[in-house]
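A.B. asks: Generate a structure from the sequence data that follows.
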Amino acid sequence: MSQTTTAAALPEGSGRQWVVSARTAFAEPVLRRRLLGDQLPFGVWGWLIPVVVALIGGVLRFVRLGEPGTLVFDETYYVKDAYSYLQSGYEREWPEEADESFNAGNPGVILETADYVVHPPVGKWMIAFGMLLFGPTNPFGWRFTAAVVGTLSILVLALVAQRLFGSVVLGGIAGLLLAVDGHHLVHSRTSLLDVFLMFWVLVAFALLVLDRNWARRRLAVLMASLARERGQPTREQLLYGPWLGLRPWRIAAGVALGLALGTKWSALPYVAVFGLMTVLWDMAARRTVGVRRWVRGAVVRDGLQAFVSIVPVALLTYLATWTGWFLSSDAYDRQWAADNPDPLWDWVPAPLRSLAEYHRSAYTFHEGLSSEHPYEATAWSWLVMGRPTSFHYQSDGLTCGASDCSQAVSVVGNPLIWWGAALSLLVVLFLWVGRRDWRAGAILAGVAAGYLPWFLFPDRTMFFFYAIVFEPFLVLALVYVLGLILGRPSDPPWRRRNGILLVGGFVVLAVLVSAFFLPIWTAETIPYNQWRLRMWMPSWI
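C.D. replies: Next up, the predicted model:
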């Protein structure tokens, strides 16, 4: 080895390189710097700003949370299912016109017979928690948990962005943009399953980012230990690199992915994509510290453990979410195995056979779902909000000081945020291909896993509100580009000044646009012409 060696660039965007002596190339501080860059402590601001933007988001989500005071859109399914869970631990059927009885404060009309549903239990149990706290007849109660996880997701995203971009300011901007966006806001004020799906996917991503940092710090410690006696590891030690031991953050991510899968099956691509992503991160780390067979080393030392930490853990977590169904005797299909004996499969426990049949039937339902709906929207239109879903609209019996009044809950996002994020994806894709920036790859992975699978089912009925699961990653893409515009602290003063003005202006304008759209996100009663003024595209009506 030569007397000096050039190491990798400092944190992304720093534009500087560093040179170290061969004698210190495997010292722990040097290795940590190569693997993680200069990670300065964020101090009190690193928590204060994310908490403040989360509080802003919480105010927007909890104020008037009980409006409208009736079940809206698919709350008719999930809120009543949640009430059923509190009564039986599984879904039961409801009579015709049950919504009217439920809205009137009489949920006792629920029937004794089991109901057939096609979504797993987690989201409905989370809705049930709010109903347990505040009562099943209180709209605030049945939307409480959605508002909680919506608010918490703002905090999580702000902290994740802070880690990704090494900036408290950019972390705060990410949290604020998610807090004021209407698509996320409406989901956080409505008890559908998708907000819970989004939350658990985001938590899993945050845990994997923590695992990436933990693993790299651990790798630096172990490599420095191997080099302590001779000044550098032996050739054999550099062949595959060391095993890093158990990875608690990655196991926790497996649990979060299992909860996401237990909310909606559309989380399944995230299990695969995030699992592959974390192994690719390990490959890059081993290559950075000089491991010769870094691909095989990552697969053998990290990949097998990653599989066990994520896939079986997620599966066991998912099965645990069906506990209420397992403990029952008369839930839907609970006795299917007993009624359908099969010598070929009798070795499988009867409850698991019954659950497998339930899943087969539900998958067939999802695969063949192609009924027409006035607000269906193909996946091609989601990024430009071609057909936002209307959750609620009322015009009769309202007073607003005008002859015609409207009350709406429309899942239309902030156009500045959504259209800006759509354009930002192109920049992020270029940075991933051109610079191999891991942050760009992680953001694209989050979008791709939640978005691209829908193109495999062109005939299936789908809606724009499904996009909530990858919205946090769209915001990260937008903030990535805003960070490029903002520039680096080392840039000339004129460059920094212009960057601050442009980014600050964008954020202020985004907040003002959200204030303009707020009435149609929160069911405020406004004149009809004011509602039409907010319908920027004919397809939004």
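A.B. asks: Tell me how many other residues crowd residue 408.
C.D. replies: Residue 408 has 23 neighbouring residues, counting by other Cβ atoms under 10 Å. Quick note: C-beta positions are derived from backbone N, CA and C, even for glycine.
A.B. asks: what about it, which SS state?
C.D. replies: strand (DSSP: H, G, I helix; E, B strand; the rest coil).
A.B. asks: Mind pulling the model confidence for it?
C.D. replies: You'll see residue 408 listed with a pLDDT of 96.
A.B. asks: For it, give its distance to residue 193.
C.D. replies: Using Cβ to Cβ, to the nearest Å, residue 408 is found at 22 Å from residue 193.
A.B. asks: got it, and residue 303?
C.D. replies: From residue 303 across to residue 193, the span is 32 Å (Cβ to Cβ).
A.B. asks: now swap in residue 467 and tell me
C.D. replies: In terms of Cβ to Cβ, residue 467 sits 14 Å off from residue 193.
A.B. asks: what about residue 303 and residue 193, which has more around it?
C.D. replies: Counted by other Cβ under 10 Å, residue 303 and residue 193 do not tie: residue 193 has more neighbours, with 23 against 20.
A.B. asks: Chain neighbours aside, what residue packs nearest to the more buried one?
C.D. replies: Closest residue in space to residue 193, ignoring its immediate chain neighbours: residue 123 at 3.7 Å, by Cβ to Cβ, 6 or more residues apart in numbering.
A.B. asks: Same check on residue 284?
C.D. replies: residue 438 (6.7 Å).
A.B. asks: give me the number of residues near the one you found?
C.D. replies: Applying other Cβ under 10 Å, we find 16 residues neighbouring residue 438.
A.B. asks: Going forward, the N-terminal residue is numbered 58.
C.D. replies: Yes, from this point I'll number from 58; that puts the last item at residue 495.
A.B. asks: quick one: it and residue 340 touch, right?
C.D. replies: No: the pair residue 495 / residue 340 is not scored as a contact, 10.9 Å apart, by Cβ atoms under 8 Å.
A.B. asks: So residue 469 belongs to a helix, correct?
C.D. replies: No: judged by three-state DSSP, residue 469 forms no part of a helix; its state is coil.
A.B. asks: Would you map the strands across the stretch 308-457 of the chain?
C.D. replies: Secondary structure of the stretch 308-457 of the chain (DSSP state E, counting those that start in this stretch): strands located at 447-451.
A.B. asks: okay, and for the chain, where does confidence drop off?
C.D. replies: The chain contains residues with pLDDT under 70 at 58-80, 423-427.
A.B. asks: The longest helix anywhere in it - contacts with which helices or strands?
C.D. replies: Counting by DSSP state H, the longest helix found in the chain is helix 251-284. Secondary-structure packing of helix 251-284 (3 or more Cβ pairs under 8 Å, 6 or more residues apart in numbering; DSSP states H and E): helix 85-93, helix 179-191, helix 196-222, helix 239-245, helix 305-318, helix 325-345, helix 495-508, helix 528-543.
A.B. asks: Pull the CA coordinates from the last one and hand them back as CSV.
C.D. replies: Once non-C-alpha atoms are left out, helix 528-543 reads as follows in CSV (Å, rounded to 0.1, in the frame of the first residue of the first chain):
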residue,chain,number,x,y,z
GLU,A,528,-46.5,10.6,-0.3
PRO,A,529,-43.8,11.0,2.4
PHE,A,530,-41.3,9.9,-0.2
LEU,A,531,-42.6,12.4,-2.7
VAL,A,532,-42.1,15.1,0.0
LEU,A,533,-38.5,13.8,0.5
ALA,A,534,-37.9,14.1,-3.2
LEU,A,535,-39.2,17.7,-3.2
VAL,A,536,-37.1,18.6,-0.2
TYR,A,537,-34.0,17.0,-1.8
VAL,A,538,-34.3,19.4,-4.7
LEU,A,539,-35.1,22.3,-2.4
GLY,A,540,-31.8,21.4,-0.6
LEU,A,541,-29.9,21.7,-4.0
ILE,A,542,-31.5,25.1,-4.6
LEU,A,543,-30.6,26.2,-1.0
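A.B. asks: could you give the angle of it to helix 251-284?
C.D. replies: For helix 528-543 against helix 251-284, the angle between stretch directions is 60 degrees (axes from the mean of the first three to the mean of the last three Cα atoms, to 10 degrees).
A.B. asks: Summarise which helices and strands helix 528-543 is packed against.
C.D. replies: If contacts are counted by 3+ Cβ pairs under 8 Å, 6+ apart, helix 528-543 sits against helix 196-222, helix 225-237, helix 251-284, helix 472-492, helix 495-508, helix 550-574.
A.B. asks: Which of the residues in it are classified as buried?
C.D. replies: Across helix 528-543, burial judged by 16 or more other Cβ atoms under 10 Å covers 528-541, 543.
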